[in-house]
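Participant: Quick one: sequence plus predicted model below, questions after.
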Amino acid sequence: MSENLNKHLPKLAKRGPHRVLVGDLAYAGLPGKVYTPAEGNGIPAVAFGHDWFTGIKAYHVTLRHLASWGIAVAAPDTQTGMNPDHRSLAADLTTCLQILAGVKLGHGNVIVSPGKLGLAGHGMGAGAAILASAGEEKVRAVACAYPAVTSPSSEEAARTVSAPGLILGSGRDNLVESGNPARIAHNWKGDVAYRELEKGTQQGFSEDTVRKLLVGASGPQTSAKETARGLITGFLLHQLAGEKKYSGFSDPEATAKKVESLSAEQIEEKAYRHRRLSLTQ
C-alpha cells in the first residue's frame with residue numbers, strides 16, 4: 001500500500017525550526033554561498049546546483065529552507081553565463097561536498113557527517129548533480145528538480161548513479177521542458193522516486209520572479225515551489241538524516257495532493273513519448 005505524504009508535507013513545505021546562518025564559499029576559493037543551521041554535530045549536507053543563466057541568488061529561500069530543517073547547503077555561483085560548462089559545474093559541486101565535510105561551519109558550531117552527503121539541483125544544476133553523482137560512493141542521495149539536458153548527458157550518467165534518487169517533473173504535458181526527467185528516472189541505477197507536480201514547471205522553480213515575468217517565462221508558482229521544497233526536504237531527511245518518519249518521501253508510490261508518483265511502466269512510457277515529441281520539434 002502506497003504511503004500518503006499529506007501528513008508531513010504541509011509542515012515540511014514551510015520553514016523548519018532551526019535558525020539559519022549564511023556565509024561565503026569564497027574563503028575556500030570558490031564563488032558561492034553556504035547555508036547552515038546555527039548549530040549541529042554530525043548533520044547532513046548537500047551541494048546544490050543552479051539552473052542555466054541563473055545565479056544562486058535566485059534560490060535564497062530554497063537554500064534557507066533546507067538549512068532551517070537541519071541540512072547544511074553549499075551552492076557554487078559558477079557557470080552562470082550563456083555557455084556554461086556542465087562538467088565544470090559538476091566538479092564545483094564535488095568541491096562543495098569536500099568543503100562541507102572538511103571544515104567546521106557557521107561559527108564553528110556546525111559539523112557535517114562525511115557519511116551524510118548528498119547532491120541536489122534545479123534544471124541544469126540538477127543535471128550537473130547527476131554527473132557529479134555518477135559512480136560516486138560518498139554521495140548518499142540525489143534530489144533533482146526538473147533536471148535539464150547536459151553535456152555530457154545526465155540521462156546516460158543516471159545509469160551509473162547508485163545513490164537513491166528523487167526526480168521531480170512537471171505534470172503539465174502541454175509544455176516541452178529543456179530536459180526529460182522521466183527518462184532520467186527510467187535510467188536510474190539505484191532506487192528512485194519520480195513525482196510530477198500538477199502545476200510545477202522547470203521555469204517556475206527558481207525565485208527570480210521579476211525577470212521571468214519580464215521575459216514571459218512563468219508566473220510565481222508559489223504553491224508548487226513550496227510543495228517541491230517539502231518533497232525534497234522529506235527525501236533528504238530520510239535518506240541523509242535517517243529520520244524514519246519521513247520514509248514515505250523515498251517511496252516511489254507515495255501519494256500527495258497535486259503530486260503524482262508514476263510507476264515504472266508509466267515512467268518508461270512517458271520517457272519515450274517525451275523523446276519522440278522532442279525529435280519532432
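Facilitator: Great, that's in hand.
Participant: all contacts plus neighbour counts: C-alpha atoms, from now on.
Facilitator: OK.
Participant: Next secondary structure element downstream of the longest strand anywhere in the chain?
Facilitator: The longest strand of the chain (DSSP state E) is strand 110-122. Per DSSP states H and E, strand 110-122 leads on to helix 124-133 as the next helix or strand towards the C-terminus.
Participant: by how many degrees do that following helix and strand 110-122 diverge?
Facilitator: Going by axes from the mean of the first three to the mean of the last three Cα atoms, to 10 degrees, helix 124-133 is angled at 120 degrees with respect to strand 110-122.
Participant: For K11, pull up the helix or strand it's in.
Facilitator: Counting by DSSP H and E, K11 is part of helix 9-12.
Participant: which helices and strands does that helix pack with?
Facilitator: Contacts defined by 3 or more Cα pairs under 8 Å, 6 or more residues apart in numbering; DSSP states H and E place helix 9-12 against helix 222-239.
Participant: right, and the secondary structure at V149 would be what?
Facilitator: Following DSSP: H, G, I helix; E, B strand; the rest coil, V149 is assigned to coil.
Participant: That one and V46, how far apart?
Facilitator: Plainly put, V149 is 21 Å away from V46 if you go by Cα to Cα, to the nearest Å.
Participant: which of these two has more neighbours?
Facilitator: V46 (33 against 21; other Cα atoms under 10 Å).
Participant: Can you list the buried residues in the helix or strand hosting that one?
Facilitator: Secondary-structure assignment from DSSP H and E places V46 in strand 40-49. If you call a residue buried by 16 or more other Cα atoms under 10 Å, then strand 40-49 has these buried ones: G40, I43, P44, A45, V46, A47, F48, G49.
Participant: ok, now stretch 238-257?
Facilitator: By neighbour count with 16+ other Cα under 10 Å, stretch 238-257 contains the buried residues 238-241, 246-256.
Participant: Need the pLDDT of R229.
Facilitator: At R229, the pLDDT value in this model is 98.
Participant: what sits against it?
Facilitator: L12, A13, T62, H65, L66 (Cα atoms under 8 Å, 6 or more residues apart in numbering).
Participant: cool, Q239 as well?
Facilitator: R140, A141, P164, S250.
Participant: Looking at the buried residues of strand 40-49, which two lie furthest apart in space?
Facilitator: Using Cα to Cα, the buried residues of strand 40-49 span at most 23.5 Å, a distance reached by G40 and G49.
Participant: helix/strand/coil for the nearest residue to V149 once chain neighbours are set aside?
Facilitator: Leaving aside its sequence neighbours, V149 sits nearest to G179 (Cα to Cα, 6 or more residues apart in numbering; 4.8 Å). Under three-state DSSP, G179 falls in the coil class.
Participant: Quick check: G179 vs N83, distance?
Facilitator: Distance of G179 to N83, given as Cα to Cα: 17 Å.
Participant: Among the two, which residue is more densely surrounded?
Facilitator: Using other Cα under 10 Å, the more surrounded residue of G179 and N83 is G179, with 23 against 9.
Participant: which SS state does the residue lying closest to Y272 once chain neighbours are set aside fall under?
Facilitator: Closest residue to Y272 apart from its sequence neighbours, by Cα to Cα, 6+ apart: R183 at 7.3 Å. For R183, the assignment made with three-state DSSP gives helix.
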